[in-house]
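# Just to be clear, the model below is a prediction. Sequence and coordinates:
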Amino acid sequence: MENILAHHRACFVWFGLGLACAAQAMDAATLRARMEAAYYRVPRKVLAFYYPWYGLASFSGRNRHFGKIDTEKHDIAAMRHYPAIGPFDSHDPQVVAYHMRLAREAGVDGFIVSWWGQGDFTDRAMPIILSEAAKAGREITVYLEVVKKPISPQSAAEDLVYIVRTYGDHPAFLKVEGRPVIFAYGRTIAQLGVFEWAKAIELAQQRLGRKICVIGDQLSKVAAAVFDGIHTYNVAGLCRGRTPEEAARATAALYRPASEAARRFRRIFAATVIPGYDDTKVRSPGLAVDRHGGKLYDCLWRAAMELDPDWILITSWNEWHEGSEIEPSLELGDYYIKATARLAREFKARPRKAHPRPAPSAFTELELASLRRALARLRIGLLPGASSPAAFWLIENGIEFDTLSWEELVRKQPTGEDFDLLVYAAGERYTNTVNEPGDVDRALQRYLRSGGILFVLPDGPLPFYYDAQGRTVNAARKFGMPLAVSSPRGAEPVQDGRPRGWEEPPPGLGELHFEVNTELLPHLPRRFPFPTVGDLRWRPWVAADVPPRVNAASLIKLKGGRGRYLGDAVAAAAIDDSEGAGGVLYVWFRLLDGPYAEQLLYDLFSLVARR
């Protein structure tokens, strides 16, 4: 095989792979179809998350979601506050009518109704909710909480089809430009993955013979490209320990890039606000966010309004377990109904802003077309959970790839002849077991031994660090990546000649900057600074830990004052053994949202595409 980098320390035989497999058209066509969804006239709305899972034995046969009820002491075991109307049943039309009347008074246009599957208690509540919403002039949509087993695009599509066929034509069901709207909770996106959701939506639309509008619970550029709109359910974690003003700034910083991404694809953007949060009565240790007498709610609303979202979502109308409700309680009265009415009026009265056009690409269409032609000779597979800006870049630039589920990876056991390149663009958590412990790891190791290239473009500081259950596995080294974990606070950043990771840069390092191998990455400057804001967790590639049998080369190094070497931010290795030769290419995650991200990805994919 041709060694295109012979004048460098590493041989990189894997860059010379000459396989010319035609990319399957299905995934590319599915993504192109999703990207055609565009919204031009989205009316402003205020929607609240609504939970129809409460039940009383006296009404629907048994108590649900209350725990022990003490009406004399006005205490409910599973609730932080006590509802003003007392314990209630979500199937009681009078209760639902009461909620709809309050929603109208509060300026809440409708409810996003928690839905747990066909035939579930929440599903059986839907006809009552739709009927009462129609009487009150409110709108209703569904919050799809879970993908039923066996988890697949087909099972998700089945529920989408059921929801639309059963409820979508009701006059009270929320629609945008004639399309029924369904919200997908973050759990469902984690279960399936963003790109598998693209398949699910397209499959549902084919079966229905009509377009639907799915709003995904993920604030990423990739989600903006795949879903019809994006949102997040809860910002409590971001608000914890902050003053209302600080919380408002933090949420604005979270929403701003998501808003820009949504507008780039002409998607719906929804910003979420909370009055407060306290789940310490039902979880240990739990999370508590002080309401600050209503000031937090007001500050979050104003921060959201400044971003000019299409919709503002309230978490929540009646999630009493988590203490985020705005429904009247004995403790708080109807304060939040009145506050919501005032804020909703202000939001809907604001003129829409003129938003700047997206910045032009750093490359001409001729250059991008040349790269697409070069990559078309390779078959690229995208591993599950992709959410990093790198996956967004692939979509936006029309680079074709196939998507793989972990189940397909284990079942098909692909080799370098099946896929020239497997791209990992997820975060720190991945699925390492499908059928037998570690079968995903073994499939990836077999792929590398067969001559495949693993291109790691993560959306978190240390890829392959946690398994699907959140347990630490730290498997990066299994796949040829000698990455350093975080060192204790105050520890030396380099020990025995080996750089160490950190949560934030320790003092005394001097000016942190990257040095670039511009022979291989010609569109980047030779030197540029380490970021100073955002997530600064550093997980370097440690060249000293590369095994003797592995040829490796640094493409971008991090250095401190006086040129002190602190590890590699971009590095590659060729892995040779008796079965064959493969390789791994690693990029530190923050470079993928940095000022030279586009240039870096262009150069790296150009490097891979060379013969």
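Good, I have the coordinates.
# Only alpha carbons, please: show stretch 344-363 as CSV.
Extracted C-alpha coordinates of stretch 344-363, given in CSV (Å, rounded to 0.1, in the frame of the first residue of the first chain):
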residue,chain,number,x,y,z
ALA,A,344,-47.1,35.6,27.6
ARG,A,345,-48.8,38.9,26.6
GLU,A,346,-45.5,40.6,26.4
PHE,A,347,-43.9,37.8,24.4
LYS,A,348,-46.7,37.6,21.8
ALA,A,349,-46.7,41.4,21.4
ARG,A,350,-43.0,41.7,20.6
PRO,A,351,-42.2,42.3,17.0
ARG,A,352,-40.2,39.5,15.3
LYS,A,353,-36.5,40.2,14.8
ALA,A,354,-34.5,40.2,11.6
HIS,A,355,-31.9,37.5,12.1
PRO,A,356,-28.5,37.7,10.3
ARG,A,357,-27.8,35.2,7.6
PRO,A,358,-25.4,32.3,8.5
ALA,A,359,-21.8,33.0,7.9
PRO,A,360,-20.6,31.8,4.5
SER,A,361,-18.5,28.6,4.3
ALA,A,362,-14.7,28.9,4.6
PHE,A,363,-14.5,26.9,1.3
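# Show me how far stretch 351-368 is from its chain's centre.
23 Å (CA atoms, centre = their mean, to the nearest Å).
# Not counting that stretch itself, show me its contacts.
With contacts defined as CB atoms under 8 Å, 6 or more residues apart in numbering, stretch 351-368 is touched by 260, 263-264, 308, 397-398, 523, 598-599, 602. Heads up, the C-betas are built off the backbone N, CA and C, glycines and all.
# if you set the cut-off to 7 Å instead, what comes out?
263-264, 308, 397, 598-599, 602 (CB atoms under 7 Å, 6 or more residues apart in numbering).
# ok, and residue 440, which helix or strand is that part of?
helix 439-449 (DSSP states H and E).
# C-terminal to that helix, which secondary structure element comes first?
With DSSP H and E, the next secondary element past helix 439-449 is strand 453-456.
# That next one - which strands sit beside it in the sheet, and in what orientation?
Sheet pairing for strand 453-456, assigned by DSSP bridges, gives strand 421-424 (parallel), strand 580-587 (parallel).
# quick one: stretch 347-364 to chain centroid distance?
22 Å.
# coming back round to it: dump the contacts of stretch 351-368 to a markdown table, plus pLDDT.
Putting the contacts of stretch 351-368 into a markdown table (pLDDT from 0 to 100) gives the following:
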| residue | pLDDT |
| --- | --- |
| 263 | 92 |
| 264 | 87 |
| 308 | 96 |
| 397 | 88 |
| 598 | 95 |
| 599 | 97 |
| 602 | 97 |
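# Can you flag which of these belong to helices?
263-264, 598-599, 602 (DSSP state H).
# Tell me the most packed of the residues you listed, by neighbour count.
Highest neighbour count within those, by other CB atoms under 10 Å: residue 602, with 23 neighbours.
# So that one sits against residue 522, correct?
No. Look at residue 602 against residue 522 with CB atoms under 7 Å: they stay out of range, at 9.7 Å.
# low-confidence ranges in the stretch 151-300 of the chain?
Along the stretch 151-300 of the chain, no part satisfies pLDDT under 70.
# Just the element for residue 436, please.
Per DSSP H and E, there is no helix or strand for residue 436.
# Quick one: neighbours of it, just the number.
The burial count for residue 436: 9, using other CB under 10 Å.
# Then residue 376?
Neighbour tally, residue 376, other CB under 10 Å: 15.
# Kindly report the same for residue 136.
By other CB under 10 Å, 18 other residues sit near residue 136.
# quick one: it from residue 170, how far?
The gap separating residue 136 from residue 170 is 14 Å, by CB to CB, to the nearest Å.
# In contact with residue 230, which residues?
So residue 230 contacts 215-216, 218-219, 223-224, 258, 262, 267, 269 (CB under 7 Å, 6+ apart).
# ok, and for the strand ranked longest in the chain, which residues are buried?
Longest strand in the chain by number of residues (criterion: DSSP state E): strand 565-577. Neighbour-count burial for strand 565-577 flags 565-576 (criterion: 16 or more other CB atoms under 10 Å).
# Tell me where the stretch 101-250 of the chain has strands.
110-115, 139-144, 175-176, 179-184, 213-217, 229-231 (DSSP state E, counting those that start in this stretch).
# The contacts of residue 230 into JSON lines, with extra columns for neighbour count and distance to residue 439?
Putting the contacts of residue 230 into JSON lines (neighbours: other CB atoms under 10 Å; distance: CB to CB, whole Å) gives the following:
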{"residue": "215", "neighbour count": "25", "distance to residue 439": "34"}
{"residue": "216", "neighbour count": "26", "distance to residue 439": "29"}
{"residue": "218", "neighbour count": "21", "distance to residue 439": "27"}
{"residue": "219", "neighbour count": "23", "distance to residue 439": "32"}
{"residue": "223", "neighbour count": "25", "distance to residue 439": "28"}
{"residue": "224", "neighbour count": "28", "distance to residue 439": "33"}
{"residue": "258", "neighbour count": "24", "distance to residue 439": "35"}
{"residue": "262", "neighbour count": "27", "distance to residue 439": "37"}
{"residue": "267", "neighbour count": "27", "distance to residue 439": "37"}
{"residue": "269", "neighbour count": "24", "distance to residue 439": "39"}
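# Quick check, central residue of the chain?
The residue lying closest to the centre of the chain (CA atoms, centre = their mean) is residue 218, at 3.9 Å.
# quick one: secondary structure of the residue lying closest to residue 537 once chain neighbours are set aside?
Computed as CB to CB, 6 or more residues apart in numbering, the closest residue to residue 537 that is not its neighbour in sequence is residue 461, at 4.0 Å. Secondary structure, DSSP: H, G, I helix; E, B strand; the rest coil: residue 461 is coil.
# Residue 461 is in contact with residue 587, isn't it?
No. The pair residue 461 / residue 587 is not scored as a contact, 11.6 Å apart, by CB under 7 Å.
# Farthest from the middle of this structure: give me that residue.
Farthest-from-centroid check, the chain (CA atoms, centre = their mean): residue 72, 44.5 Å.
# Distance-wise, check the closest residue to residue 565 other than its chain neighbours relative to residue 540.
Nearest in space to residue 565, with sequence neighbours left out and distances taken as CB to CB, 6+ apart, is residue 559 at 5.9 Å. Plainly put, residue 559 is 11 Å away from residue 540 if you go by CB to CB.
# So between those two, which is more surrounded?
Set residue 559 next to residue 540 and count neighbours by other CB under 10 Å: residue 540 wins out with 25 against 19.
# so the more buried one sits right up against residue 570, yeah?
No. Because the distance of 10.4 Å does not satisfy CB under 7 Å, residue 540 is recorded as not touching residue 570.
# Let me see the domain layout of this structure.
As assigned by automatic domain parsing, the chain contains the domains 13-21+378-609, 44-349.
# Could you dump the ones you listed into CSV with distance to residue 358 added?
Formatted as CSV, those follow (distance: least, CB to CB, whole Å):
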stretch, distance to residue 358
domain 13-21+378-609, 10
domain 44-349, 5
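# Any idea which of the ones you listed has the lowest pLDDT on average?
Lowest mean pLDDT within those: domain 13-21+378-609, a mean of 89.
# All the helices of the stretch 101-250 of the chain, residue numbers only.
For the stretch 101-250 of the chain, applying DSSP state H, counting those that start in this stretch gives helices covering 121-136, 153-163, 186-192, 194-208, 221-226, 236-239, 244-264.
# highest average neighbour count across those?
Neighbour counts (mean count of other CB atoms under 10 Å) averaged over each of the helices of the stretch 101-250 of the chain peak at helix 221-226, with a mean of 27.
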